[in-house]
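Student: Build me a model from this:
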Amino acid sequence: MIIRCRRGLEYGRYDVYAKRGHVKLLGGQQTRASGIVTTRSDDRARIYTALPEPQLQTAAVVGLEQPAVALATQFVKSGFTVLGIDSDHERVRASEQNPVLRAAVARRRFAASTDFSMIRRANLVVVCVDARVDSDAAVAALVDASVRVAPHINRGTVIVIEAVSPTHPVCRALASLFEHESRLRHGTDFSLLFVPPVGETTDAAARAAAISLMYELGADTAADVPEADAISPERYAVRRGRRDKRFADLLVDVSAVIDVIVIASMLIMAFFVRFRTGVSTWGVHADLGLGAYVGYIVYGVLSLFLLMAHEGVYDSRSLLHSRDITARMLRAGALWVVAYLSLALLFQFRPPISRIYVAFGVTMVVAGLTVWRTLFRRITRAPGIIERLQQRAIFVGWNHEARRLAETFAMDPASWFAVVGCVLPGGPKGEEIDNNIAPCLGTLDDLRTLLHSHAIDTVILADGGSPHLKRSAVHIATLCEQELVDFKILPSYFRIFLSGLHLETVRGTPVFGVTRLPLDRFFNRVFKRVFDIVGATIGLLVSAPIIAVMGALVYLESPGPIIYRQRRLGFDGSVFEMLKIRSMRLDAESNGEVGWTRKGDPRRLRVGAFMRQWNIDELPQFWNVLRGDMSLVGPRPERPELVTTFRFEIPHYQARHNIKPGITGWAQISGCRGDTDLVERINCDLYYLENWSLLLDLQILARTPFALTNAY
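Tutor: Have a look, this model is predicted:
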């Protein structure tokens, strides 16, 4: 492809070189770009020039006819966020029915609209015309689209108009139109590029690659765009930029400043509510001015801000981890309430701080920060912003753990990582690769090139595959260090308790192993036990009438014991008797077989089926919690007869006995209960062990009444 370019270089003709990001300058002209290294080849007429690479994040495709939809699909496949814009509502709706684009909508990678103001979010705007501009009607349609687009472009936007030859007379008129409508200067504030009709280059991958290359080189005009087979998508991969660390730091700084403003505003507002409204008559009446409380307000702002900083709220690596940030803010808030009340109780300042003011202040600060942080989370997940925060990851090697991790990233639109693909020692042969999740991009020898061509931020080594990968681990780590790329390992030796892995030194020798989990800490165990006692006491009081009614119905249908006692295995392998309301006939296990209840099980009582569906038969287990045999939340206990077999057949099965079993658990609300996949159930239990927190327990308890999958 030959492109005429004016970005940091002398005006000249460029031919695309096979190595990504390099061009060949024809005619022997010299470069004036500062910081660009050039080397002369044997042919003195050619100079190889490494160009700086602009970061393309979001592309807007205007005009959603079929060629434009194909182009948008290719951009989405390449990892961009795409905005599809058309004045026709029918075409907008039709574009969303494309399978690839429909899936991208769910991942917030594609949005279609008739609102042309969405163009402001895009770095690149492509105006597609499904015909040659060789008639008055076509020219009018093109001008109409340009008039709609021009007012919404930003400084630095690149506009590409398809179906127009650079020599067509309409090009000059369109340049003037864009300058007039946008009030920006062509060539200085924005770039306007033209490519021939799509009929000459029908392959969407070739069109996307050509347009992306024009964007990166900053071309002013383009000619001689090759046919579809002249550009290989593998050679010229459409790509996004790497994670913008400075932008992430800027967002953190902005969030910190606004946090301080919100906290101060809420504490000042609490003062006026306490002393300037009807509330002022509550408690001890005092006619105070705001100046008397300035010290308290400053103390409140600084103490909460410093506590949030200490808890890691302002860690730029956690910008997309909304759950982690919420947990950290809750911890900081709890400590702040204690510190603020301590100020009132332990020190005799003048005037003494009003406890009613403290209550209003805490309530308003929590409300204000909740509203602001919810808005901030939406901002960080908006198209065009989330792409600059995500780390682009590539897997080296492929195994079960790598697949699970890639699927986890793919299911979360706001995931911290965006998976680009994987490389394998011998290529894709014989490997179970899902090209929709992590397409194979080449072999290990291609890794250095791929780090540049796909703007990789993180390399994840899956060491459970090839022995060759294990031998190459040091080389890969060194390569990542040289290229300023993060290096991570999916360890096959420690496939459980990953969050508890810890490196310690024993007499100068480093030892890597599992040393601590959240519930190994004394205070966490105390908090969980207190939470269990309070929750079980309330649960028993509330459920006692329900147990009485259901027990009576069971006795009427099947006279005999109402409470069923069953031996289960609990904490550290100890055996205890778990209580349930009997839901089956008395002779349900007369044949001596031990197993789970299955759908339509004939042994169930009629009332028993209802109780199992709504988890009512588990209510007596609140007594097990009070006795200390169980917890409100934890892995469900199994019968000793089954554990004897499972511990040899299911990897890591015994790890679940490191904590008390629970009435409900992460596996239960995830649908892994009864006669379901044991491996998946154990994975859920291990996740709970590694990630325990009181907030997670509350989440599980809140979801349990609605978790009815496989309940029979």
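Student: hey, which helix or strand in this structure has the poorest pLDDT?
Tutor: Across the helices and strands of the chain, mean confidence by mean pLDDT, DSSP states H and E is lowest for strand 38-40: a mean of 31.
Student: Not counting sequence-adjacent ones, nearest residue to Ser322?
Tutor: Arg377 (5.1 Å; C-beta to C-beta, 6 or more residues apart in numbering). For every residue, glycine as well, the C-beta is placed using N, CA and C.
Student: Likewise for Phe646?
Tutor: Counting by C-beta to C-beta, 6+ apart, the residue nearest Phe646 is Tyr653, at 4.9 Å.
Student: Can you give me the distance of that neighbour to Thr645?
Tutor: 10 Å (C-beta to C-beta, to the nearest Å).
Student: what about the two, which has more around it?
Tutor: Tyr653 (19 against 11; other C-beta atoms under 10 Å).
Student: sorry, back to before: spit out the contact partners of the residue nearest to Phe646.
Tutor: Val643, Phe646, Arg647, Leu678, Ile682 (C-beta atoms under 8 Å, 6 or more residues apart in numbering).
Student: what ranges of the stretch 301-450 of the chain fall below the confidence cut-off?
Tutor: 343-350, 426-434 (pLDDT under 70).
Student: picking that back up, just among the contacts of Tyr653, which is most surrounded?
Tutor: Busiest of those [other C-beta under 10 Å] is Ile682, holding 22 neighbours.
Student: doesn't Ile650 make contact with that residue?
Tutor: Yes. Contact criterion C-beta atoms under 8 Å: Ile682 and Ile650 qualify, at 5.8 Å.
Student: longest helix in this protein, by residue count?
Tutor: helix 522-557 (DSSP state H).
Student: Quick check: buried residues in whichever helix or strand comes after that one?
Tutor: Sequence-wise, the next helix or strand downstream of helix 522-557 (DSSP states H and E) is strand 563-569. For strand 563-569, burial by neighbour count (16 or more other C-beta atoms under 10 Å) applies to Tyr564, Arg568, Leu569.
Student: Neighbouring strands of strand 563-569 in the sheet, and parallel or not?
Tutor: Sheet pairing of strand 563-569 (DSSP bridges) gives strand 575-581 (antiparallel).
Student: What residues of the partner strand count as buried?
Tutor: Quick answer for strand 575-581 (16+ other C-beta under 10 Å): Phe576, Met578, Leu579, Lys580, Ile581.
Student: Quick check: next helix or strand after that strand?
Tutor: Next along from strand 575-581, by DSSP H and E: helix 606-613.
Student: Tell me which helix or strand comes right after that next one.
Tutor: Counting by DSSP H and E, what follows helix 606-613 is helix 621-627.
Student: who's in contact with that following helix?
Tutor: 532-533, 535-537, 539-540, 543, 576, 578-580, 630-632, 663.
Student: Could you count how many residues lie near the residue nearest to Phe576 when sequence neighbours are not counted?
Tutor: Leaving aside its chain neighbours, Phe576 sits nearest to Asp629 (4.2 Å; criterion: C-beta to C-beta, 6+ apart). The tally of other residues near Asp629 (other C-beta under 10 Å) stands at 21.
Student: quick one, domains of this structure?
Tutor: 2-50, 58-230, 245-380, 390-493, 522-706 (automatic domain parsing).
Student: Distance of the residue nearest to Ser322 relative to Asn624?
Tutor: 39 Å.
Student: Check Phe360 too.
Tutor: In terms of C-beta to C-beta, Phe360 sits 42 Å off from Asn624.
Student: Gly671 too?
Tutor: 24 Å.
Student: quick one: which of these two has more around it?
Tutor: Shown here are Gly671 and Asn624; by other C-beta under 10 Å, Asn624 has more neighbours (25 against 17).
Student: in terms of contact, does Leu451 touch Leu484 like I think?
Tutor: No. Counting by C-beta under 8 Å, Leu451 stays clear of Leu484, with 9.5 Å between them.
Student: neighbour count winner among those two?
Tutor: Higher neighbour count among Leu451 and Leu484: Leu451, with 21 against 9, using other C-beta under 10 Å.
Student: Can you tell me the closest non-neighbouring residue to that one?
Tutor: Glu483 (5.1 Å).
Student: State the phi and psi torsions of the residue of the chain most remote from its centre.
Tutor: Largest separation from the mean C-alpha position in the chain: Pro559, at 53.9 Å (C-alpha atoms, centre = their mean). Reported as degrees, to the nearest 10, the phi and psi values for Pro559 are phi -50, psi 140.
Student: what's around Arg525, how many residues?
Tutor: Residue crowding around Arg525 was assessed by other C-beta under 10 Å; the count is 14.
Student: What sits closest to it if chain neighbours are left out?
Tutor: Nearest to Arg525 is Leu519, by C-beta to C-beta, 6+ apart, at 5.9 Å.
Student: Wasn't Ala111 part of a strand?
Tutor: Yes. Counting by DSSP: H, G, I helix; E, B strand; the rest coil, one finds Ala111 located in a strand.
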